[in-house]
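Peer 1: Next comes the sequence, and after it the predicted model I'd like to discuss.
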Amino acid sequence: MDCLEKFEKNLAYHYSEVLNYPLAKPYWIYVSLTHRCTYNCQMCGVVKILKGYELDGELLKRTLSEIGSWKWRSAVVFTGGEPFLRKDIFELIEFSSGQGLVTECISNGYPIDQPTAEKIILSGLQNIAVSIDGANALTHDAIREKGSFDRAVRALDYLVRSKKKEGRGPQISIWTTIMKENVEELSQIIYIARDLGVDCLVYHPVIVAQDDMQNTSPQAPFWINSQQIPTLRHQIDTMVDYHKNNGLIPFLHDPYLWIRYFDGSLRREEWKCNPFVFINIGPDGEVRSCGSSFGNLKDMSLGQCLVTNESFEARRKMKNCQKPCLQTCWSHPESDSLEFIVEEFSRELKSKPPSQKVKYINKALSTINCYQKLLKKYV
Ligand SMILES: C[S@@+](CC[C@H](N)C(=O)[O-])C[C@H]1O[C@@H](n2cnc3c(N)ncnc32)[C@H](O)[C@@H]1O
Ligand code: SF4
Ligand code: SF4
């Protein structure tokens, strides 16, 4: 991304928070295509609700083209349930990429046989993630279902081979949810990722209620308790060491914060989400970030959902969240501080030719002035 574009986006997220108004469009747009699934994993709240609901393809396409028209280059992540159970999944992927949207999918791997893997590689997706929750079948299958580990590993293998054969294709990732059941073997999953030849391994801590992530609770059966914290620390040390020498694990925040998350001492000052960065569209059409719904896509457009009274109220509550959830993509630290935004822009500007520098500085100043005027008027 060009430094001026990055600067303007960071400012838009920054001032959206300051003014409590969606001047920025959401970057991460999670679309839960169905809550049907092949499994019923222990920690997953999704498949226990809204089973009979699915948005129809035409409404989804209308929404995707609305997102495309924002020209914000948002990332649409198709999830579920199991998104590959939808018959129109490839049509939706193609449509979404056709709108210029970064399009991603998360799967448990069950439906990904060799022909499906080949289709995925050529589909226009930019990232395909498969969940692996244990370093062996015993752990993974206990969390998910008998046979699920082998199927997930096989799916990843088909994907990696098809990508090699085609010489192109999406980033292939493993997603691992950190919880009590797998804490002892988290770092061993690195070797599965390495041996399969996937592009990255993303860890994120378990949450308790997926529609209200503030509801973290040490009483949940899969929560890492105080006796297991030293084990978690040791696992993080190993991951950090591996990452230093080999990459593979894109830490989007300091992984040692996971310890504070599980021991209940994590505070907003250390990690916070930006309520304007992400939204989730449920299979019933409800749009939310965290907590209560902003509105329903069956009644209004996505843009309208983002400015309902309910959306302002939900974001107000999010801004006061006392139990940050540490979900990988919900934060936007690069837009938290105005000073940081300006410093980063100035640093990156140095490599530009003099004539472009002047143009960019003028444009940047005029953008900041506009926001300052808004600030004076409304705050
Ligand atoms: C809800 S699943 C949907 C996609 C697909 N069925 C799968 O399992 O990958 C999306 C991701 O959420 C993770 N997940 C499930 N329950 C979770 C929880 N309570 N906290 C955090 N992540 C969770 C899954 O492991 C998976 O990586
Ligand atoms: S496979 Fe995914 S959606 Fe299905 S129950 Fe497990 S985590 Fe939930
Ligand atoms: S940090 Fe944000 S997304 Fe996470 S629980 Fe708090 S309000 Fe919800």
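Peer 2: Perfect, I can see it now. Residues are numbered from 1 along each chain as shown. Ligands and ions are numbered 1, 2, ... in the order given.
Peer 1: So which residues of the stretch 51-200 of the chain form strands?
Peer 2: With DSSP state E, counting those that start in this stretch as the criterion, the stretch 51-200 of the chain has strands at 75-80, 102-107, 127-131, 171-178, 200-205.
Peer 1: Neighbouring strands - and their directions - for the first one?
Peer 2: In other words, strand 75-80. Looking at strand 75-80 with DSSP bridges, its paired strands and their directions are strand 28-34 (parallel), strand 102-107 (parallel).
Peer 1: Ok, the third one next?
Peer 2: Strand 127-131 has the following sheet partners, assigned by DSSP bridges: strand 102-107 (parallel), strand 171-178 (parallel).
Peer 1: The last one vs ligand 1: in contact?
Peer 2: Yes. Strand 171-178 comes into contact with ligand 1 when judged by CB under 6 Å from any ligand atom, the residues involved being 175, 177. For the C-beta atoms, the positions are set from N, CA and C on the backbone; glycine is no exception.
Peer 1: Redo the strands paired with strand 75-80 as JSON lines? Include mean pLDDT and mean neighbour count.
Peer 2: JSON lines is the format used below for these (pLDDT from 0 to 100; neighbours: other CB atoms under 10 Å):
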{"stretch": "strand 28-34", "mean pLDDT": "97", "mean neighbour count": "23"}
{"stretch": "strand 102-107", "mean pLDDT": "98", "mean neighbour count": "23"}
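Peer 1: Of the ones you listed, which is nearest residue 179?
Peer 2: Distance to residue 179, taken as CB to CB, is lowest for strand 102-107 among these, at 16.9 Å.
Peer 1: and the closest one, anywhere near ligand 2?
Peer 2: No. Strand 102-107 stays out of contact with ligand 2 when judged by CB under 6 Å from any ligand atom, the minimum separation being 7.7 Å.
Peer 1: Output that strand as CSV, restricted to C-alpha atoms.
Peer 2: Output of strand 102-107 as CSV, limited to C-alpha atoms (Å, rounded to 0.1, in the frame of the first residue of the first chain):
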residue,chain,number,x,y,z
VAL,A,102,-9.4,-9.5,-0.5
THR,A,103,-11.3,-12.8,-0.1
GLU,A,104,-10.4,-15.4,2.4
CYS,A,105,-12.0,-18.6,3.8
ILE,A,106,-11.7,-20.6,7.0
SER,A,107,-12.5,-24.3,6.9
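Peer 1: How far does it sit from its chain's centre?
Peer 2: Per CA atoms, centre = their mean, to the nearest Å, the displacement of strand 102-107 from the mean C-alpha position of its chain is 10 Å.
Peer 1: Provide the contact partners of it at residue level.
Peer 2: Identification of contacts with strand 102-107 by CB atoms under 8 Å, 6 or more residues apart in numbering yields 73-80, 82-84, 89, 93, 96-97, 120, 124-131, 155, 170, 175.
Peer 1: Do a quick rundown of the helices in the stretch 101-250 of the chain.
Peer 2: Assigned helices in the stretch 101-250 of the chain, in chain order: 114-121, 137-143, 148-166, 189-196, 229-246 (criterion: DSSP state H, counting those that start in this stretch).
Peer 1: got CSV for the ones you listed, with distance to ligand 3 too?
Peer 2: CSV is the format used below for these (distance: least, CB to the nearest ligand atom, whole Å):
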stretch, distance to ligand 3
helix 114-121, 29
helix 137-143, 23
helix 148-166, 27
helix 189-196, 24
helix 229-246, 20
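Peer 1: Indicate which one of those is closest to residue 359.
Peer 2: When the helices of the stretch 101-250 of the chain are ranked by proximity to residue 359 (CB to CB), helix 229-246 comes first, at 38.6 Å.
Peer 1: Which positions in the very next helix or strand once past that closest one come out as buried?
Peer 2: Past helix 229-246, heading to the C-terminal end, the next element that is a helix or strand (DSSP states H and E) is helix 257-263. Residues of helix 257-263 classed as buried by neighbour count (16 or more other CB atoms under 10 Å): 257-262.
Peer 1: rewinding a little: so can I have CSV of the strands of the stretch 51-200 of the chain showing distance to residue 267?
Peer 2: Rendered in CSV, the data for the strands of the stretch 51-200 of the chain read as follows (distance: least, CB to CB, whole Å):
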stretch, distance to residue 267
strand 75-80, 28
strand 102-107, 29
strand 127-131, 29
strand 171-178, 20
strand 200-205, 16
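Peer 1: what's the closest of the ones you listed to ligand 3?
Peer 2: Between ligand 3 and the strands of the stretch 51-200 of the chain, the shortest separation by CB to the nearest ligand atom is 10.9 Å, and it involves strand 200-205.
Peer 1: Cheers, nothing more for now.
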